[in-house]
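> Sequence and predicted structure below; questions after.
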Amino acid sequence: GQQLNQSPQSMFIQEGEDVSMNCTSSSIFNTWLWYKQDPGEGPVLLIALYKAGELTSNGRLTAQFGITRKDSFLNISASIPSDVGIYFCAGFTGTASKLTFGTGTRLQVTL
Amino acid sequence: GAGVSQSPRYKVAKRGQDVALRCDPISGHVSLFWYQQALGQGPEFLTYFQNEAQLDKSGLPSDRFFAERPEGSVSTLKIQRTQQEDSAVYLCASTQWTSGRETQYFGPGTRLLVL
């Protein structure tokens, strides 16, 4: 099935560094969601974006809905060890519809 | 309950065995989704219910996969005659609608291993 292109695939950074990841699609989305998945768990919602150009923060996390509606970005500031995990972008193309997920970004943080 | 719950959390099945996976959505959530997540991949859509009606089953990989939600709350995903390629994490999600905005919340998943 279709998956969104997410980059980078993995990141290995030091504690305290800022992190950026993005997600692109060939299709227009009307909602973008960012999830974090820890090993053995389901995805946990981090941020939801509903309008093109929208910039939303949740603590150290900031995400943006691209103007073209075909991309989204997630930034994590001052990373800490518990930020380790896999981050997925996901989008809706319509109402009450299935989510299309990105390929994931694996984040590893060292002290 | 406070979140989406799924059971069992882990299931080991012999090839050819039938399995049933259960999902309890967040109370009051009308829409329920099933996804399949292969190792190292993002979740992929299987099927969608609105109340008891199955509105989209386009993601079910074969006719061995069957899902139901007879009373519009709990849902069961059944896989008949399991094959090794069915090994994956099966995620259930329910949807909250607020002021025309949709958000999906996921359960912890059922990890299925077919030997």
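Yes, it's here.
> contacting residues around residue 7?
I'll assume chain A. A:21-23, A:105 (C-beta atoms under 8 Å, 6 or more residues apart in numbering or on different chains). For glycine as for every other residue, the C-beta is placed from the backbone atoms N, C-alpha and C.
> hmm, I had chain B in mind actually
Per C-beta under 8 Å, 6+ apart, neighbours of B:Ser7: B:21-22, B:110.
> Could you rerun that using 10 Å?
For B:Ser7, the contact set (C-beta atoms under 10 Å, 6 or more residues apart in numbering or on different chains) comprises B:20-24, B:107-108, B:110.
> May I ask which of these has the most neighbours?
B:Cys23 (27 neighbours; other C-beta atoms under 10 Å in any protein chain shown).
> Can you tell me who it pairs with across the strands?
Beta-bridge pairing for B:Cys23 (DSSP bridges): B:Gln6, B:Ser75.
> Now do the same contact list for it.
By C-beta under 10 Å, 6+ apart, the neighbours of B:Cys23 are B:4-7, B:32-34, B:49, B:67, B:69, B:73-77, B:90-94, B:107, B:109-110.
> now do 6 Å
Residues in contact with B:Cys23, defined by C-beta atoms under 6 Å, 6 or more residues apart in numbering or on different chains, are B:6, B:75, B:92.
> ok, so what distance separates B:Gln104 from A:Ala48?
The gap separating B:Gln104 from A:Ala48 is 9 Å, by C-beta to C-beta, to the nearest Å.
> So for the two, which sits in the more crowded spot?
B:Gln104 (24 against 19).
> So which residue is dead centre in chain B?
B:Trp34 (3.1 Å; C-alpha atoms, centre = their mean).
> where does that one fall, phi/psi-wise?
phi -120, psi 140 (degrees, to the nearest 10).
> and it, bridged to which residues?
Beta-bridge partners of B:Trp34, as defined by DSSP bridges: B:Thr47, B:Cys92.
> That one touches B:Leu77, doesn't it?
Yes: at 5.3 Å, B:Trp34 counts as touching B:Leu77 under the criterion of C-beta atoms under 6 Å.
> Run through the residues of chain B sitting next to chain A.
B:31, B:42-45, B:91, B:101, B:103-104, B:106-109 (C-beta under 6 Å from any C-beta of the partner chain).
> tell me, what's touching B:Trp34 and B:Leu77 both at once?
With C-beta under 6 Å, 6+ apart, B:Trp34 and B:Leu77 have common neighbours B:Ala67.
> What ranges does chain A have for its strands?
A:5-7, A:10-14, A:19-24, A:31-37, A:44-49, A:55-58, A:61-65, A:71-76, A:85-92, A:100-101, A:105-110 (DSSP state E).
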